[in-house]
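Asks: A predicted structure for the sequence below; I have some questions about it.
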Amino acid sequence: MNWAFLQSLLSGVNKYSTAFGRIWLSVVFIFRLMVFVVAAEKVWGDEQKDFDCNTRQPGCHNVCYDHFFPVSHCRLWALQLIFVTCPSLLVVLHVAYRNDRERKHCLKHGEGCTRLYSDTGKKRGGLWWTYFFSLAFKMSVDAVFIFLIFYIYEAAFFPLVVKCSEDPCPNEVDCFIARPTEKRMFTYFMLVTSFVCILLTLCEMVYLLGKRCGECVGKRHAIKHRTPCPTDWSSWRCVWGRYHVRIPPCGPVSEGR
């Protein structure tokens, strides 16, 4: 994947996001992705080689390492970033589907035909639900991976010394983690940014629901106070210059999906 394609993809995601979504995108790609790419490989590159135990019993070193770190932090965070960013692409694909459908409709019925969508990128109908469920999925992914950090790793915050009594170790041995302080700070950073992303996603969901409820209340209020259609259209006339123009008395036509 080249940078031009990535830039166009990000600009598409940013275009159809709310203000909260744009902040979320900045946090993910600046504070999570860039930091992960730049720092994670250097911090965790020597994790198994420099994980040392005070015994020379064959197999004890590998068993203890697998007990405390069954999955590499780097691979777990890479999966998290993949699962978190993929739902945003669904919104872009949905808009692309709308654009293609609109294009085919215009080719079939001519340029002057009635449009299927007033704005293909406006979050209405199916696109609103796609966007909302993508937010719910992203928030769920971040929450699940935060839970996995504490559930999978017995030494989640990298103490200086860990005690291991797994077979085939002869007794309880002391094992030492490479760069424990650096890894601990990096883990704190990734967890904090995950919590920030969850908070931003939750705020965006509340904003979308509040806006949608406000629009529904506004439409009901407009329908309630709409002037009833008269049976005699001749009574609804106004003079514009020399011409008599008939004006439909019923309220404005609601915007299509």
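Replies: On my side now, so go ahead.
Asks: what does stretch 74-91 rub up against?
Replies: Residues outside stretch 74-91 that contact it (CB atoms under 8 Å, 6 or more residues apart in numbering): 9, 13, 16-17, 25, 28, 32-33, 36, 40-41, 44, 127, 130-131, 133-135, 137-138, 141-142, 145, 148-149, 152, 190, 194, 197. (C-beta placed from N, C-alpha, C; glycine too.)
Asks: buried among these? Need that as a selection in ChimeraX.
Replies: In ChimeraX, this line selects whichever of the contacts of stretch 74-91 come out buried by 16 or more other CB atoms under 10 Å:
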select :13,16,17,25,28,32,33,36,40,44,127,130,131,134,135,137,138,141,142,145,149,190,194,197
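Asks: next one: stretch 71-90 to chain centre, how far?
Replies: Distance of stretch 71-90 from the chain centroid (CA atoms, centre = their mean, to the nearest Å) equals 11 Å.
Asks: grab the nearest non-local neighbour of Leu202.
Replies: Met139 (6.4 Å; CB to CB, 6 or more residues apart in numbering).
Asks: all helices for the stretch 101-250 of the chain, in order.
Replies: Assigned by DSSP state H, counting those that start in this stretch, the stretch 101-250 of the chain shows helices spanning 126-152, 180-224.
Asks: deepest of those helices, which one?
Replies: Mean neighbours per residue, mean count of other CB atoms under 10 Å, is largest over these for helix 126-152, with a mean of 17.
Asks: elements contacting it?
Replies: helix 73-109, helix 180-224 (3 or more CB pairs under 8 Å, 6 or more residues apart in numbering; DSSP states H and E).
Asks: roughly how far is that helix from the heart of the chain?
Replies: Relative to its chain's centre, helix 126-152 lies at 7 Å (CA atoms, centre = their mean).
Asks: isn't Arg212 up against Trp129?
Replies: No: with contact defined as CB atoms under 8 Å, Arg212 does not count as touching Trp129 (10.5 Å).
Asks: averaged pLDDT, stretch 35-43. What do you get?
Replies: Averaged over stretch 35-43, pLDDT sits at 78.
Asks: pick out the shakiest of the helices and strands packed on helix 126-152, pLDDT-wise.
Replies: Looking at the helices and strands packed on helix 126-152, the lowest mean pLDDT belongs to helix 73-109 (a mean of 81).
Asks: that one: which residues count as buried?
Replies: 73, 76-77, 80-81, 83-85, 87-88, 91-92, 94-95, 98.
Asks: which one of those is nearest Thr181?
Replies: Distance ranking of those against Thr181, using CB to CB, places His73 first at 14.8 Å.
Asks: could you find the closest non-adjacent residue to that closest one?
Replies: The shortest distance from His73 to any non-neighbouring residue, by CB to CB, 6+ apart, is to Trp44 (5.9 Å).
Asks: before we move on, the earlier item: got the helices and strands packed on helix 126-152 as CSV, with distance to Cys164 columns?
Replies: CSV is the format used below for those (distance: least, CB to CB, whole Å):
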stretch, distance to Cys164
helix 73-109, 19
helix 180-224, 15
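Asks: between the buried residues of helix 73-109, which is nearest Phe158?
Replies: Ranked by distance to Phe158 (CB to CB), the buried residues of helix 73-109 are led by His73 at 9.7 Å.
Asks: go ahead and confirm the closest one touches Phe189.
Replies: No: using CB under 8 Å, His73 is not in contact with Phe189, being 11.9 Å away.
Asks: ok, now how distant is the residue positioned nearest the centre of the chain from Gly110?
Replies: Using CA atoms, centre = their mean, the residue of the chain that lies closest to the mean C-alpha position is Lys138, 4.3 Å off. Distance of Lys138 to Gly110, given as CB to CB, to the nearest Å: 41 Å.
Asks: could you look up the SS state of Arg56?
Replies: Three-state call for Arg56 (DSSP: H, G, I helix; E, B strand; the rest coil): coil.
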